[in-house]
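Participant: Could you work out the structure for the sequence below:
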Amino acid sequence: MMRATLCATLLSALLSSSCSKSIRSDLKPKEYNAQETSGKDLPNLSLSGSNAAPSQHLVYVFKNDAILKMHKIKITNTAKTEYFSVLNYHGGYAGLQDTPDKNTPTPYTLIASLWDLNTSAANYAFYSYKAPTTVTSRFGGEGDGQKTVNPYGWELNTWYNVVLRSWKENGKIYIANFIHNEATGKWFHTSTIGRQVESGFLGAGNGAFLENWVGDNPLWDGRFHRKAFFKDCWNLGVDNVWEKSTSRYFSANANDAGRNGYFDRAFNAGYDATENAHFMEHGGSVTPDVAFGTGRKLDLPEQTNQGATPMLMALSSSNESARYQNSKVIVSWAISDTGAPQLSYKIELLDPKGAILANKELIRPEKRADTLNNTLATGNYNVRLTITDIFNKQSNAKTIRVMK
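Facilitator: Numbers count the residues shown, from 1 in each chain. Sure thing, here's the model as predicted:
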């Protein structure tokens with residue numbers, strides 16, 4: 001990606017926001033997929049040199065730092081070498097990608113990346129969890145850091161809610177990356193990435209962007225129309241208060257050293273009342289709305305009917321069990337993937353009179369079992385399990401009989 005040009009616009013609003021390469025290695029041509037085209041495509045146009053669709057940004061301004069960010073996206077038009085970033089925050093980003101890399105099971109991948117705090121001092125970003133299908137690796141070339149890529153298989157014309165949840169522990173900040181398919185109702189936790197703690201969490205601002213990262217291949221360049229809708233952008237502050245953006249604007253990168261070529265003004269953005277969402281599009285025969293005049297920047301209105309707080313689903317747990325074996329109490333449970341994702345859990349061991357003998361509390365979105373080391377005398381013991389979701393909502397505690 002063009003870090004110098006792509007990040008310049010966002011930096012003023014997002015302070016330390018950044019963007020990095022996601023998949024760059026082993027790019028191979030892929031046969032043109034006619035199902036990805038639209039009436040705004042220009043596949044037969046004869047061009048030479050770099051002709052990328054202009055990189056463009058949708059910037060949301062918030063008042064306060066956030067421990068959680070979320071934003072919804074629906075992609076209606078895509079083409080190869082396109083990155084639809086949904087959350088660009090202090091130090092990293094997350095979004096959806098259409099890659100020509102034939103080594104991936106699907107071209108429609110899910111990306112989450114974090115820059116090193118200080119590469120030269122070996123202060124690297126890292127991952128602490130990855131889903132079984134998620135691939136992790138270092139990235140470099142435009143700054144260095146940790147990336148995670150999942151063959152998620154997102155679909156056109158489907159709303160997805162991308163959520164980042166952060167916390168600090170033992171001198172490090174951790175960022176868990178989630179996505180919710182609003183058609184199926186299923187949540188997916190692709191990875192947790194982190195780095196050494198600095199002041200703040202995810203930052204105040206948020207940015208989304210569209211980037212056609214390769215523009216000199218006739219199968220990948222700006223001939224093809226890309227479009228996405230965005231809505232329900234939220235911050236959850238460190239004070240546990242939900243916050244909407246105070247202002248929003250769009251900007252399109254200028255013709256950086258001729259990168260955009262023929263498609264320098266093939267960009268557009270605005271607000272769509274039918275979708276109740278903002279949109280960005282570029283490439284093909286797209287032209288700017290008259291509101292742009294001769295410029296490349298446009299202030300955008302507030303989303304209608306966003307509400308004072310987001311509508312959230314409840315966490316749902318099941319299959320809770322506790323068993324005693326070899327002076328250990330082993331506790332396990334399950335979390336429904338159609339309810340809010342887990343953030344943390346607390347397990348308490350209760351003696352026959354209900355007094356607390358031992359307890360453990362951890363922030364681990366991926367864990368579904370833990371152990372308490374205790375030697376138990378004869379009697380009836382229970383475990384009390386309390387789970388907190390990524391939105392800081394605590395479940396009703398469940399009491400589980402310890403089986404011996």
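
Participant: my guess is Leu42 contacts Ala266, does it?
Facilitator: No: assessed by C-beta atoms under 8 Å, Leu42 is found out of contact with Ala266, at 9.1 Å. No exception for glycine: its C-beta is placed from N, CA and C like everyone else's.

Participant: overlap in contacts of these two?
Facilitator: Residues touching both Leu42 and Ala266 (C-beta atoms under 8 Å, 6 or more residues apart in numbering) are 284-285.

Participant: Looking at these two, which is more packed in?
Facilitator: Ala266 (28 against 19; other C-beta atoms under 10 Å).

Participant: Could I get the contacting residues of the residue lying closest to that one once chain neighbours are set aside?
Facilitator: Distances taken as C-beta to C-beta, 6 or more residues apart in numbering put Val286 closest to Ala266, at 4.7 Å, once the chain neighbours are dropped. Counting by C-beta under 8 Å, 6+ apart, Val286 touches 40, 225, 266-268.

Participant: okay if I get these as CSV plus distance to Lys80 and secondary structure?
Facilitator: Formatted as CSV, the contacts of Val286 follow (distance: C-beta to C-beta, whole Å; DSSP: H, G, I helix; E, B strand; the rest coil):
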residue, distance to Lys80, secondary structure
Lys40, 16, coil
His225, 13, coil
Ala266, 17, coil
Phe267, 19, strand
Asn268, 21, strand
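
Participant: so what are the domain limits for the protein?
Facilitator: 3-300, 317-403 (automatic domain parsing).

Participant: Return the most buried member of those domains.
Facilitator: A comparison of the domains of the chain by mean neighbour count, using mean count of other C-beta atoms under 10 Å, puts domain 3-300 on top with a mean of 19.

Participant: that older thread, so which of the contacts of Val286 comes closest to Arg195?
Facilitator: Phe267 (33.3 Å; C-beta to C-beta).

Participant: Name the residues linked to the residue nearest to that closest one when sequence neighbours are not counted by a beta bridge.
Facilitator: In space, not counting the residues next to it along the chain, Phe267 is nearest to Ala252; the distance is 4.1 Å by C-beta to C-beta, 6+ apart. Under DSSP bridges, the beta-bridge partners of Ala252 are Gln56.

Participant: And Ala252, how close does it get to Lys40?
Facilitator: 16 Å (C-beta to C-beta, to the nearest Å).

Participant: Ok, Ala52 next?
Facilitator: 16 Å.

Participant: how close does the residue nearest to Phe267 sit to Leu210?
Facilitator: To Leu210, Ala252 is 9 Å away according to C-beta to C-beta.

Participant: same deal with Arg364?
Facilitator: Taken as C-beta to C-beta, the span from Arg364 to Leu210 is 34 Å.

Participant: repeat for Ile363
Facilitator: 33 Å.

Participant: what's the host helix or strand of Ala269 in contact with?
Facilitator: In the assignment (DSSP states H and E), Ala269 maps to strand 267-272. Here strand 267-272 makes contact (C-beta under 8 Å, 6+ apart) with 53-54, 56, 58, 229, 250, 252, 277-282, 286-289, 291-292, 296, 298, 300-301, 303.

Participant: what is the mean pLDDT for that strand?
Facilitator: If you average the pLDDT over strand 267-272, you get 98.

Participant: what residues are shared contacts of Ala252 and Leu210?
Facilitator: With C-beta under 8 Å, 6+ apart as the test, Ala252 and Leu210 both reach 55-56, 282.

Participant: ok, back up a step: keep only those of the contacts of strand 267-272 that are in strands.
Facilitator: 56, 58, 229, 250, 252, 277-282, 298, 300 (DSSP state E).

Participant: Need the three-state assignment for His180.
Facilitator: strand (DSSP: H, G, I helix; E, B strand; the rest coil).

Participant: and the nearest residue to Ser85 once chain neighbours are set aside, what does it touch?
Facilitator: The shortest distance from Ser85 to any non-neighbouring residue, by C-beta to C-beta, 6+ apart, is to Gly95 (3.9 Å). With contact taken as C-beta under 8 Å, 6+ apart, Gly95 is in contact with 73, 83-87, 110-111, 162, 208.

Participant: Can you lay out those as a markdown table showing distance to Thr309?
Facilitator: Formatted as a markdown table, the contacts of Gly95 follow (distance: C-beta to C-beta, whole Å):
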| residue | distance to Thr309 |
| --- | --- |
| Ile73 | 20 |
| Tyr83 | 30 |
| Phe84 | 26 |
| Ser85 | 25 |
| Val86 | 20 |
| Leu87 | 19 |
| Leu110 | 26 |
| Ile111 | 28 |
| Val162 | 18 |
| Ala208 | 21 |
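
Participant: how about low-confidence regions in this protein?
Facilitator: 1-37 (pLDDT under 70).

Participant: any idea how far Thr148 is from Asp264?
Facilitator: 33 Å.

Participant: no no, Arg195
Facilitator: 37 Å.

Participant: How far off centre is the helix or strand where Val162 lies?
Facilitator: Val162 belongs to strand 159-169 when elements are defined using DSSP H and E. Strand 159-169 sits 7 Å away from the centroid of its parent chain (C-alpha atoms, centre = their mean, to the nearest Å).

Participant: Leu114 pairs with what?
Facilitator: Applying DSSP bridges, one finds that Leu114 bridges with Gly92, Gln146.

Participant: just checking, Ser316 touches Thr338?
Facilitator: Yes: using C-beta under 8 Å, Ser316 is in contact with Thr338, at 7.4 Å.

Participant: So what's the residue count around the spatially closest residue to Asn276 that is not a sequence neighbour?
Facilitator: Of all residues not flanking Asn276 in the chain, Thr304 sits nearest, at 5.7 Å (C-beta to C-beta, 6+ apart). If you count neighbours by other C-beta under 10 Å, Thr304 ends up with 10.

Participant: Hmm, Thr304 is touching Ala273, no?
Facilitator: Yes: under the criterion of C-beta under 8 Å, Thr304 makes contact with Ala273 at 7.0 Å.

Participant: any idea how far the residue nearest to Ala131 when sequence neighbours are not counted is from Arg296?
Facilitator: Closest residue in space to Ala131, ignoring its immediate chain neighbours: Thr190 at 5.3 Å, by C-beta to C-beta, 6+ apart. Separation of Thr190 from Arg296 (C-beta to C-beta): 33 Å.
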